[in-house]
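In: Based on what follows, work out the 3D shape:
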Amino acid sequence: MGDGFVVFRLQEPAAGQWRVEVSTMNDQHLRYSVGGFCSSPLRLGVAIVPPRTPRGGPLTIGAVALLDGRPIGPTRGAAAVVAPAASLDSVLTAHRDALAGLRPPTDLGPDSLPSDIARMATLRQNLHAAGKPDPFGTVTTDVRLRAVPQGRLGALGLGGLVPNPAAMGRSSGVLAGRFDATREAGSYNVVVRVSGIEPSSGARFTRQELVSVLVT
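Out: Residues are numbered from 1 along each chain as shown. Predicted coordinates for the structure are as follows:
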């Protein structure tokens, strides 16, 4: 590595959320970047069915922990769906008059913005200053994931979630849940978290994945 780089290698890091704190001997603030890389045969496969849906359409969330491509279990899982509180069309309709009369200031940030985006950014600042809700707020819904028998994977559209179906035992190892509250158009972020015990070592593991879905 070049000057200014520091590399740490951790063998068998513990499962869980990690936080990196950096301190320097410099009196002034220094910008720095931190990257983490994990090499493991234990992966989390996630599928959202369908990957794009009209408003009101249900979403099936599927997840499976894979060790060298083979599903392992039993596992526990949950998903958090972060949905827009209002679609862009709804925001434009609700604030049409306010947006038409806005003249964005020149200090919105270091980068220049297109005029329509600048007006939206100014509207957001004005609403925040007035103590009103964020027009681009989100709503988070927790979805419990349950074990799915192998025979139901095809009906749920999750048949391709396991790379090698022959590796599945009596239990498919797949967890699934359903989300119905697609009331607003926009991008929905689905955060899936699965935990269990790695069979060969007996160590606990946690894997997390984020998938985005477009609702039209």
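
In: and residue 127, helix, strand or coil?
Out: When classified by DSSP: H, G, I helix; E, B strand; the rest coil, residue 127 comes out as helix.

In: Contacts only, for the closest residue to it other than its chain neighbours.
Out: Of all residues not flanking residue 127 in the chain, residue 135 sits nearest, at 6.3 Å (C-beta to C-beta, 6 or more residues apart in numbering). Quick note: C-beta positions are derived from backbone N, CA and C, even for glycine. Applying C-beta atoms under 8 Å, 6 or more residues apart in numbering, we find residue 135 in contact with 86, 91, 94-95, 120, 123-124, 127.

In: if we go to 10 Å?
Out: If a contact means C-beta atoms under 10 Å, 6 or more residues apart in numbering, then residue 135 has 84-86, 88, 90-92, 94-95, 120, 123-124, 127-128 as its contacts.

In: and stretch 56-73, how far from the chain's centre?
Out: Relative to its chain's centre, stretch 56-73 lies at 15 Å (C-alpha atoms, centre = their mean, to the nearest Å).

In: what about the residue nearest to residue 127, which helix or strand?
Out: Under the criterion DSSP states H and E, no helix or strand holds residue 135.

In: Can I get stretch 193-210 as CSV, trimmed to CA atoms?
Out: The C-alpha coordinates for stretch 193-210 follow below in CSV (Å, rounded to 0.1, in the frame of the first residue of the first chain):
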residue,chain,number,x,y,z
ARG,A,193,-31.2,-9.8,7.9
VAL,A,194,-30.7,-13.5,8.5
SER,A,195,-28.9,-15.2,11.5
GLY,A,196,-28.1,-18.7,12.4
ILE,A,197,-25.3,-21.1,13.4
GLU,A,198,-22.7,-22.3,11.0
PRO,A,199,-22.9,-26.1,11.1
SER,A,200,-19.2,-27.0,10.9
SER,A,201,-17.8,-24.5,13.5
GLY,A,202,-20.9,-23.9,15.6
ALA,A,203,-20.3,-20.2,15.4
ARG,A,204,-23.2,-17.7,15.2
PHE,A,205,-23.4,-15.7,12.0
THR,A,206,-25.5,-12.8,10.8
ARG,A,207,-25.8,-11.6,7.2
GLN,A,208,-27.6,-8.5,5.9
GLU,A,209,-28.5,-7.5,2.3
LEU,A,210,-30.2,-4.5,0.8
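
In: and the nearest residue to residue 57 once chain neighbours are set aside, which of the three is it?
Out: Spatially, and ignoring its direct neighbours in sequence, residue 57 is nearest to residue 182 (5.8 Å; C-beta to C-beta, 6+ apart). Of the three states, residue 182 takes coil under three-state DSSP.

In: Which pLDDT does the model give residue 61?
Out: Confidence at residue 61, expressed as pLDDT, is 97.

In: okay, now it: neighbour count?
Out: 25 (other C-beta atoms under 10 Å).

In: could you say which helix or strand contains it?
Out: strand 59-67.

In: by contact count, what packs against whatever helix or strand comes next after that strand?
Out: Using DSSP H and E, the next helix or strand after strand 59-67 towards the C-terminus is strand 70-71. Here strand 70-71 touches strand 59-67, strand 171-179, going by 3 or more C-beta pairs under 10 Å, 6 or more residues apart in numbering; DSSP states H and E.

In: State the mean pLDDT of strand 70-71.
Out: For strand 70-71, the per-residue pLDDT averages 88.

In: Note down every partner strand of that strand and its orientation.
Out: Strand 70-71 has its sheet partners listed here by DSSP bridges as strand 59-67 (antiparallel).
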